[in-house]
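J.: Quick one, what's the 3D model for this:
(one chain, ligands or ions: 1)
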Amino acid sequence: MSEEIELGYTADYHVHLRQGKMMEVVTKSVTPGGVSIAYIMPNLSPPITDIDRVVEYKASLEAISPKTTFLMSFYLCKELTPELVEKAAKMGAIQGIKCYPAGVTTNSTDGVDPNDFSAFYPIFKVMEDNDLVLNLHGEKPSVSKKHGESHESSEDIHVLNAEPKFLPALFKLHSDFPNLRIVLEHCTTKEAIEAMHKLNSDLKAGEQPKVVASITAHHLYLTIDDWAGNPINFCKPVAKLPEDKRALIGAALSGKPYFIFGSDSAPHELSKKSLHIGVCAGVYTQPYAISYVAEVFHQYGQIGKLKNFVSTFGNAFYSIDESKLKSKDKCVIVKKEFKVPEVLIDNNITIAPFLPGSTLQWSVEWTSS
Ligand SMILES: [Zn+2]
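T.: Prediction:
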């Protein structure tokens with residue numbers, strides 16, 4: 001009999017399911033990818049900033065993937081009011097709000113300036129009072145200017161230091177709103193991991209952290225050399241240096257409840273990955289999300305710790321009520337290898353998955369309830 005491990009109600013706390021035809025294709029991949037609970041990003045075009053749209057978007061996702069429990073979010077921007085946020089929280093329409101610094105990633109032109117969050121403090125207060133989660137894209141926007149423009153900033157921000165340069169803003173937010181639950185999304189640097197240990201240094205055994213970091217599958221594999229010249233591996237935040245990757249793997253394996261799984265699976269059509277100018281950022285991991293992570297835990301001889309990272313810790317932080325899940329099926333990984341296809345083609349959409357053509361050792365199955 002092959003080896004198998006039951007992972008419970010697996011959760012991916014950072015998912016892009018897009019809209020239109022792309023949504024129809026990628027939403028189908030959530031359950032086969034091994035994910036029971038999916039926290040959905042609001043960066044549609046236009047971004048999700050009202051109750052009607054978030055309710056409608058959730059219904060369309062549920063129609064495609066009925067066994068997935070979808071947790072929804074708003075996009076932090078000037079259109080949001082404390083009254084609207086409170087109403088959405090009380091209805092259970094959203095579980096959190098995503099904050100994108102302006103211009104750092106796909107559909108983020110409406111985002112926020114992380115140098116000054118104060119305009120949003122009334123919203124953060126309502127979030128804290130209503131137990132909503134603040135999801136931070138933790139990068140300072142780059143100051144690179146178009147040719148001919150002058151460089152006005154005193155700080156040089158670029159893809160390698162954008163996350164460390166953001167961390168002081170995270171410490172300030174936590175100290176101004178100590179009871180607000182905050183996620184530093186898709187962290188990629190040694191500095192971010194050290195910051196999480198520091199922010200949680202007083203955490204007692206069994207106590208719930210207020211500030212956690214999510215880690216993707218692909219950042220457990222990639223370093224800068226893997227995406228320079230390879231658009232399939234190009235994502236934001238970009239993968240950093242080998243020492244950063246080691247710190248991320250160490251964090252995922254650490255057994256600390258403030259490191260949780262969020263794939264940041266971000267599909268783009270292959271044609272948008274093959275432009276000679278303006279390649280789209282994003283790695284598509286959804287169809288094999290849990291298998292990619294299992295592979296790394298396996299390599300380090302720590303497969304027994306996988307359940308904490310992809311299920312227990314995130315679900316505790318997000319206060320998941322198991323009685324409200326859409327399906328009671330549990331994810332089981334089985335030691336049975338399979339090959340990741342070179343490309344996925346569905347409904348006339350072609351997408352390259354992460355690690356095309358490679359062999360993964362753990363397959364996903366589900367217990368039926
Ligand atoms: Zn994302």
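
J.: mind listing the helices in this structure by residue range?
T.: Shown for the chain, the helices assigned by DSSP state H span residues 20-27, 51-64, 82-91, 121-129, 162-176, 190-199, 224-227, 242-253, 270-273, 289-299, 306-307, 313-317.

J.: Quick one: closest of the ones you listed to K210.
T.: In terms of Cβ to Cβ, the element of those nearest to K210 is helix 162-176, at 7.0 Å. Where you see a C-beta, it was placed from the backbone N, CA and C, and this is true even at glycine.

J.: The helix or strand of the chain with the lowest mean pLDDT: which residues count as buried?
T.: Ranked by mean pLDDT, DSSP states H and E, the helix or strand of the chain with the weakest confidence is helix 270-273, at a mean of 89. The neighbour-count check on helix 270-273 (16 or more other Cβ atoms under 10 Å) flags L270, K273 as buried.

J.: Provide a list of residue ranges in the stretch 51-200 of the chain with pLDDT below threshold.
T.: 103-111, 143-154 (pLDDT under 70).

J.: Compare the helices of the chain and report which one is nearest to L355.
T.: Across those (criterion: Cβ to Cβ), the nearest stretch is helix 289-299, sitting at 7.2 Å.

J.: Which elements pack onto that closest one?
T.: helix 242-253, helix 306-307, strand 331-339, strand 359-366 (3 or more Cβ pairs under 8 Å, 6 or more residues apart in numbering; DSSP states H and E).

J.: Partner strands of the third one and their direction?
T.: As defined by DSSP bridges, the strand partners of strand 331-339 come to strand 4-8 (antiparallel), strand 359-366 (antiparallel).

J.: Alpha carbons of that strand, as CSV, please.
T.: Presented in CSV, the C-alpha positions along strand 331-339 are these (Å, rounded to 0.1, in the frame of the first residue of the first chain):
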residue,chain,number,x,y,z
CYS,A,331,-7.4,16.3,1.4
VAL,A,332,-5.2,13.3,1.4
ILE,A,333,-1.8,13.2,-0.3
VAL,A,334,-0.7,9.9,-1.6
LYS,A,335,2.9,8.9,-2.5
LYS,A,336,2.2,8.5,-6.2
GLU,A,337,4.2,10.4,-8.8
PHE,A,338,2.8,12.3,-11.7
LYS,A,339,4.1,14.6,-14.4
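
J.: A119: neighbour count?
T.: Neighbour count of A119, defined by other Cβ atoms under 10 Å: 10.

J.: ok, and the closest non-adjacent residue to it?
T.: In this structure, A119 finds its nearest non-sequential neighbour in K78, 7.6 Å apart by Cβ to Cβ, 6 or more residues apart in numbering.

J.: The helices of the chain: which one's closest to Y100?
T.: helix 162-176 (11.8 Å).

J.: Format the strands paired with strand 331-339 as CSV; extra columns: mean neighbour count, distance to Y57 and mean pLDDT.
T.: Below are these laid out as CSV (neighbours: other Cβ atoms under 10 Å; distance: least, Cβ to Cβ, whole Å; pLDDT from 0 to 100):
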stretch, mean neighbour count, distance to Y57, mean pLDDT
strand 4-8, 16, 27, 97
strand 359-366, 18, 25, 98
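
J.: okay, those strands in JSON lines with distance to S274 next?
T.: Listed next are the strands paired with strand 331-339 as JSON lines, based on distance: least, Cβ to Cβ, whole Å:
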{"stretch": "strand 4-8", "distance to S274": "35"}
{"stretch": "strand 359-366", "distance to S274": "25"}
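
J.: Quick check: S358 touching K339?
T.: Yes: counting by Cβ atoms under 8 Å, S358 does reach K339; the two are 7.3 Å apart.

J.: which one of those two has more residues nearby?
T.: S358 (14 against 11).

J.: Distance check, the more buried one against L180.
T.: 40 Å (Cβ to Cβ, to the nearest Å).

J.: S271 now?
T.: Counting by Cβ to Cβ, the gap from S271 to L180 is 41 Å.

J.: One more: K190?
T.: K190 is 25 Å from L180, by Cβ to Cβ.

J.: try L160
T.: Distance from L160 to L180, by Cβ to Cβ: 29 Å.

J.: Look at these two and report which has more neighbours.
T.: Applying other Cβ under 10 Å to L160 and L180 shows that L180 carries more neighbours, namely 19 against 16.

J.: how about low-confidence regions in the stretch 251-369 of the chain?
T.: Ranges of the stretch 251-369 of the chain meeting pLDDT under 70: none found.

J.: so how far is stretch 354-361 off the chain centroid?
T.: Distance of stretch 354-361 from its chain centroid, counting by Cα atoms, centre = their mean, to the nearest Å, is 21 Å.

J.: oh, I was asking about stretch 89-97
T.: 18 Å.

J.: So what touches that stretch?
T.: 39, 51, 54-55, 58, 71-76, 80, 85, 88, 123, 126-127, 130-135, 183, 318 (Cβ atoms under 8 Å, 6 or more residues apart in numbering).

J.: Please indicate which of those residues are buried?
T.: Buried among the contacts of stretch 89-97 (16+ other Cβ under 10 Å): 39, 51, 54, 58, 71-76, 80, 85, 88, 123, 126-127, 132-135, 183, 318.

J.: re the thing from before, name the helices or strands packed onto the least confident helix or strand of the chain?
T.: strand 349-351.

J.: residues in contact with the strand it packs on?
T.: Counting by Cβ under 8 Å, 6+ apart, K21, M22, V25, V26, P267, H268, E269, L270, S271, Y284, V343, L344 sit against strand 349-351.

J.: TSV for these, including distance to I5?
T.: As requested, the contacts of strand 349-351 are exported to TSV (distance: Cβ to Cβ, whole Å):
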residue	distance to I5
K21	35
M22	32
V25	29
V26	26
P267	27
H268	32
E269	35
L270	33
S271	38
Y284	25
V343	30
L344	26
